[in-house]
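Trainee: Output the structure for:
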Amino acid sequence: MAHRLIKIGCCGFPVSRAKYFDTFKIVELQQTFYQPPEISLAKKWRNESPPDFEYTLKAWQIITHGPKSPTYKKLKIKIPTEKEKNYGSFKQTEEVLFAWERTKEIAEILSSRIIVFQCPPSLEPTKENKSNLKKFFSSIERGRYILGWEPRGKWSEKEIELICKELDLIHVVDPFKSRPTFGRIRYYRLHGIGGYKYQYTHEDLTRLRELAKEEIDSYFMFNNVYMYEDALAFKNL
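Mentor: Have a look, this model is predicted:
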């Protein structure tokens, strides 16, 4: 059997960072989606974590989501009304490209290798959205980063597969909703079956363990109310 990497963690810190570092070797930062932290804070996070601890992160929402998204309530910058059309949907605008550079800057400080672009359900597979997405990922300097795409609109598996192949993206999925169509690694985000308040059963985690047997590096990131307990139970399993 070929060597493969299996990493288990949470989306955000559900317990104190000290306790978390003692339990897991990876976290997916959520703060970078709402508003990237100050440089000094990112450096503090890196310095206080073990040397082999891995940070993955979500790209800043300015890239993927428009100002009408409720998530913008946590945005700390003021957007002029006349500029609102420049935000989200991978548009080729100064604002979106700035958001990418800021995301990349934090990723560099944290020594991250994976950046996840989670899209809103409203980002559907229109001609314009496809064009923006392709232009964005074809034009940015991605460096050493593995870029993950989590589409949540009415995209077909074939559309997702073709785009991921063309743009060298990882198809990020909730494994209880769909299977990944493409990617050099597997990156699973577990949002809870039917909702955020769901707690995974032993049977659920046993099903999930079957995915960990695939001959490919796999990340299992829990993003539900019971994320700490569920991730720990899965790790022990």
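Trainee: any chance you could read off phi and psi for the spatially most central residue of the chain?
Mentor: With distances taken as Cα atoms, centre = their mean, residue 116 lies nearest the centre of the chain, 3.0 Å away. The phi and psi torsions at residue 116 (degrees, to the nearest 10) take the values phi -100, psi 130.
Trainee: cool, and residue 220?
Mentor: phi -120, psi 100.
Trainee: tell me the SS of the residue nearest to residue 49 when sequence neighbours are not counted?
Mentor: Residue nearest to residue 49 in three dimensions, not counting chain neighbours: residue 21, with 5.7 Å by Cβ to Cβ, 6 or more residues apart in numbering. For the C-beta atoms, the positions are set from N, CA and C on the backbone; glycine is no exception. Using DSSP: H, G, I helix; E, B strand; the rest coil, the structure places residue 21 in helix.
Trainee: show me the contacts for residue 21.
Mentor: 48, 49, 50, 53 (Cβ atoms under 8 Å, 6 or more residues apart in numbering).
Trainee: With residue 10 instead?
Mentor: 20, 24, 27, 28, 221, 222, 223, 227, 228, 231.
Trainee: Which pair in those residues has the greatest spatial separation?
Mentor: 20 and 223 (14.6 Å; Cβ to Cβ).
Trainee: in whichever helix or strand residue 97 is part of, what's buried?
Mentor: Using DSSP states H and E, residue 97 maps to helix 94-109. If you call a residue buried by 16 or more other Cβ atoms under 10 Å, then helix 94-109 has these buried ones: 95, 96, 97, 99, 100, 102, 103, 104, 106, 107, 109.
Trainee: same question, stretch 178-198
Mentor: 180-183, 185-192, 198.
Trainee: if we can go back for a sec, mind putting the buried residues of helix 94-109 into a markdown table with distance to residue 215 and pLDDT?
Mentor: Output for the buried residues of helix 94-109, formatted as a markdown table (distance: Cβ to Cβ, whole Å; pLDDT from 0 to 100):
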| residue | distance to residue 215 | pLDDT |
| --- | --- | --- |
| 95 | 41 | 97 |
| 96 | 37 | 97 |
| 97 | 37 | 97 |
| 99 | 36 | 97 |
| 100 | 32 | 98 |
| 102 | 36 | 97 |
| 103 | 31 | 98 |
| 104 | 31 | 97 |
| 106 | 32 | 98 |
| 107 | 28 | 98 |
| 109 | 33 | 98 |
